[in-house]
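Colleague: Based on what follows, work out the 3D shape:
(one chain, ligands or ions: 1)
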Amino acid sequence: MLSFVSNSRILWGLWHVLGFCASRTSTPLLLIAVIVLVGVKIVSTLKEIRKLPPGPWGPPVVGYLPFLGVRHKAFLELASHYGSLFSARLGNQLTVVLSDYKLIREAFRREEFTGRPSTPLMHTLDGLGIINSDGRLWKSQRRFLHDKLRGFGMTYLGNGKNVMELRIKREVYDLLENIKRTNGSPIDVNPSLALAVSNVICGITMSVRFVHGDARFERLNHLVEEGMRLFGEVHYGEYVPLYNYLPGKAQAKEKVAKNREEMFHFYQTLIDEHRQSLDPSNPRDLIDVYLAEIEKAKDEGRAQDLFEGRDHELQLKQILGDLFSAGMETIKSSLLWMFVFMIRNPDVKRKVQEELDSVVGRSRLPSMEDMSRLPYTETTILETLRMSSIVPLATTHSPTKDVHLQGYKIPAGSQVVPLINCVHMDPNLWDDPKTFNPSRFIDENGKIRRPEYFMPFGVGRRMCLGDVLARMEMFMFFSCMMHQYDVTLNEGDPLPSLEGIVGATIAPMAFRVKFVSRSSPAHAVPAPLTDNVHLRHVGAH
Ligand code: HEM
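Modeller: Numbers count the residues shown, from 1 in each chain. The predicted model follows:
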């Protein structure tokens, strides 16, 4: 069988013959040579295509891109047609979609699948940070962050988890206070959740805590949201680079870069402030940890090697941006979905509240220690993650070299995505998957079971770095809100839709609900915590 390389050699040889003939013979011979050349090229291309997973065809240049629509839904449909491993050319990128959970696990535990694709947006981000980096930088940063974030309490073990619980509790109590002020009138809870959840991640990373109506918080949020919208606008350019030259697209790309600059300016101010009061032996947050690491590398004469020779502060700023965007939107969307499902499934809501009342009682709020004794509450969160699959395609992986899966070739540089929404709604894996049923996660002994085909945080080497924090936050926010309030629909309003909005995550469409107090005045929400967690209020001045 001819390889691609040997085919190229034949083409090269033919080209020379062609030149020779053209100079000596007549036009028909030239024509024959051209036809042979084209024929060889077509055969070699078809041979290469036959090695790829099956999939739909599309016209040259754009491929299947114009027929795609909403990606995770379109992929679901294509998977039902082409099977659990298919490929589609989208513009100049080959996309490979995996929808069998065993296959996803098999692929993503392999080192070769830890790469990121090379696209125009990736170039804007310059391969920095944690989400978009790969190779040695990613490996060292992942290890570093894993270790340091555990130190800040992103762990179920030891004293660390108490520090994290305290941090989360502070935001939960503040949120409950904010909701109390609504006096049970219908609200869009999205902005209050955004503030509370942002404060958790910004506290860990930068010791920053925003207050309500904070202009800098609103600006930061605006930049993230606009970034997502603009990303949607220039998305086609990721596949068809010429698209970026259409009217308006170049400006949108420029705006993405400008917004990033503005966010980086915000982070730079905080980094400069931190540097002035840095005590390397007593880091207050992630900025301190990074600054201490940079200082240490300088002292040891290995500053040039640190972060694989990349600009130290740029890397730190991208890390702050990555953790803010990964740690905020995901938790907020998941909590919003929980309320959507509670409104749509009042029986489940009642059971959660009964469990909370019988295990926690009415005289105090739930805490992390209660988690293991609240299986129904916990599995309601799991069932929400299953049904909403808020990150249905995870983050795009890209093989660092040609690999083979199920006998098919997955070329280096192609885009590989797991179809998590397909796994989570597979009727061969889940009984009646469209029904919201938390009990499916409870075994016959009343213990929680997480089947290996439940993968909201992805799997393998690039699995979510914040899953422990996410589970703590979701449990604390959800259990405390359900304990204190009955979430109900305003009379006459339609049920919140199950149709999600596709952005950074799949978020529910905006909805308004009432949070009606369940507590008697004697069991009012405790006053906000005074704790020893170092935090600085931003924007209130
Ligand atoms: C309900 C909440 C969350 C969900 C459902 C979620 C889901 C995911 C998924 C599916 C991935 C991609 C995995 C892959 O590509 O194979 C991911 C990556 C990531 N997540 Fe989360 N996540 C959540 C919360 C968080 C939080 C709170 C943080 C912040 C600490 C975080 C930080 C990250 C990071 C840094 C990555 C990239 C890891 C890497 O590239 O090596 N996530 N997450």
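
Colleague: what's around the closest residue to H72 other than its chain neighbours, how many residues?
Modeller: In this structure, H72 finds its nearest non-sequential neighbour in P392, 3.9 Å apart by CB to CB, 6 or more residues apart in numbering. Heads up, the C-betas are built off the backbone N, CA and C, glycines and all. Residues contacting P392 under the criterion other CB atoms under 10 Å number 25.

Colleague: Over to A412?
Modeller: Neighbour tally, A412, other CB under 10 Å: 13.

Colleague: Look at the residue lying closest to S519 once chain neighbours are set aside and report its pLDDT.
Modeller: Nearest residue to S519 in three dimensions, chain neighbours excluded: Q484, at 5.9 Å (CB to CB, 6+ apart). For Q484, the pLDDT comes out at 96.

Colleague: quick one: the helices in the stretch 101-250 of the chain?
Modeller: 101-108, 120-125, 135-151, 160-180, 190-206, 215-233, 249-276 (DSSP state H, counting those that start in this stretch).

Colleague: so which of those helices is the most packed in?
Modeller: helix 190-206 (a mean of 23; mean count of other CB atoms under 10 Å).

Colleague: Now do it, average pLDDT.
Modeller: Averaging pLDDT along helix 190-206 yields 95.

Colleague: give the contact list for the nearest residue to D431 once chain neighbours are set aside.
Modeller: Nearest residue to D431, sequence neighbours excluded (CB to CB, 6+ apart): R440, at 6.5 Å. Contacts here follow CB atoms under 8 Å, 6 or more residues apart in numbering; on that basis R440 touches 379, 383, 430-431.

Colleague: As a markdown table, the residues you listed with pLDDT and neighbour count would be great.
Modeller: Putting the contacts of R440 into a markdown table (pLDDT from 0 to 100; neighbours: other CB atoms under 10 Å) gives the following:
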| residue | pLDDT | neighbour count |
| --- | --- | --- |
| T379 | 98 | 22 |
| E383 | 98 | 22 |
| W430 | 98 | 19 |
| D431 | 97 | 8 |
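
Colleague: farthest-separated two in the residues you listed?
Modeller: T379 and D431 (14.2 Å; CB to CB).

Colleague: For stretch 313-329, give the mean pLDDT please.
Modeller: Mean pLDDT, stretch 313-329: 94.

Colleague: quick one: that stretch near the ligand?
Modeller: Yes. Using CB under 6 Å from any ligand atom, stretch 313-329 reaches the ligand at 322-323, 326-327.

Colleague: same question, stretch 278-285
Modeller: No. If you take CB under 6 Å from any ligand atom as the test, stretch 278-285 misses the ligand, and the best it gets is 13.0 Å.

Colleague: what distance separates the start and the end of that stretch?
Modeller: 10 Å (CA to CA, to the nearest Å).

Colleague: Which positions in it come out as buried?
Modeller: Residues of stretch 278-285 classed as buried: 278, 283-285 (neighbour count, 16 or more other CB atoms under 10 Å).

Colleague: Give the rounded mean pLDDT of that stretch.
Modeller: 93.

Colleague: ok, now stretch 461-473?
Modeller: Here the average pLDDT along stretch 461-473 is 96.

Colleague: ditto for stretch 64-79
Modeller: In the prediction, stretch 64-79 has an average pLDDT of 93.

Colleague: what does it contact?
Modeller: 55-58, 86, 88-91, 97, 99, 236, 239-240, 389, 392-393, 417, 419, 421-422, 502, 506.

Colleague: ok, and for that stretch, which residues are buried?
Modeller: Per 16+ other CB under 10 Å, stretch 64-79 contains these buried residues: 64-65, 68, 71-72, 74-76, 78-79.

Colleague: Please list the residues of this structure that sit near the ligand.
Modeller: Residues of the chain lying near the ligand (CB under 6 Å from any ligand atom): 108, 130-131, 142, 322-323, 326-327, 330-331, 334, 390-391, 394-395, 456-458, 462-466, 469-470.

Colleague: Just the buried subset of those residues, please.
Modeller: 108, 130-131, 142, 322-323, 326-327, 330-331, 334, 390-391, 394, 456-458, 462, 464-466, 469-470.

Colleague: give me the residue from this structure nearest the ligand.
Modeller: G466 (2.2 Å; CB to the nearest ligand atom).

Colleague: Which residue is the nearest non-sequential neighbour of that residue?
Modeller: Nearest one to G466, counting by CB to CB, 6+ apart, is G327 at 5.4 Å.

Colleague: Same check on L291?
Modeller: In space, L291 is closest to L278, 5.4 Å off (CB to CB, 6+ apart).

Colleague: picking that back up, pull the contacting residues for the residue nearest to S519.
Modeller: By CB under 8 Å, 6+ apart, the neighbours of Q484 are 176, 179, 365, 517-519, 525.

Colleague: Quick check: end-to-end length of stretch 229-244?
Modeller: Where stretch 229-244 begins and where it ends lie 15 Å apart, using CA to CA.
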